[in-house]
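>>> Structure for the following, please:
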Amino acid sequence: MKINLDPKDVSSVYAVKPKLDNPRIAKQHGAFLIFGISPSIFAVFGLYKPMAKFNKKWIERGSDSGQRIIIDKKSKTQILQQLESFGFNQATLFPEVDIVASFVKFKYLKKLD
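The predicted structure follows:
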């Protein structure tokens, strides 16, 4: 088997929308970003392309990482209700039978209160 690989493709960034053949992936309506390997490897081929840059603060943690959004814990119920009104809840994000059953049980018991 011959592999035909273009070095320019390996050093690129791609957004990939997955095949929706898995219930969890289908429910999450997501996509993935695939980052290529370091372009310096391709210097021997005379190719050089800087890697895509992203804001490092997107992945930083802690009080010294710049801006932080602090959500009052009293808002949790309201936020969860708002997310559910858009179709985001435990059962839609994790459609396995045990999790959906747990979610339905919780909703049912909550209505009995």
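
>>> mind checking pLDDT for residue 41?
In this prediction, residue 41 carries a pLDDT score of 53.

>>> Tell me where the protein has strands.
13-16, 32-35 (DSSP state E).

>>> Show me what the mean pLDDT comes to for the last one.
Along strand 32-35, the predicted local confidence has a mean pLDDT of 77.

>>> circling back to that earlier point, need the strands of the chain in TSV (columns: mean neighbour count and distance to residue 2).
Glycine gets a C-beta too; all of them are placed from N, C-alpha and C. Below are those laid out as TSV (neighbours: other Cβ atoms under 10 Å; distance: least, Cβ to Cβ, whole Å):
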stretch	mean neighbour count	distance to residue 2
strand 13-16	10	23
strand 32-35	10	23
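
>>> The ones you listed into JSON lines, with extra columns for distance to residue 86?
Formatted as JSON lines, the strands of the chain follow (distance: least, Cβ to Cβ, whole Å):
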{"stretch": "strand 13-16", "distance to residue 86": "22"}
{"stretch": "strand 32-35", "distance to residue 86": "22"}
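
>>> show me where the protein has helices.
Applying DSSP state H to the chain gives helices spanning 7-10, 23-28, 76-85, 90-93, 97-112.
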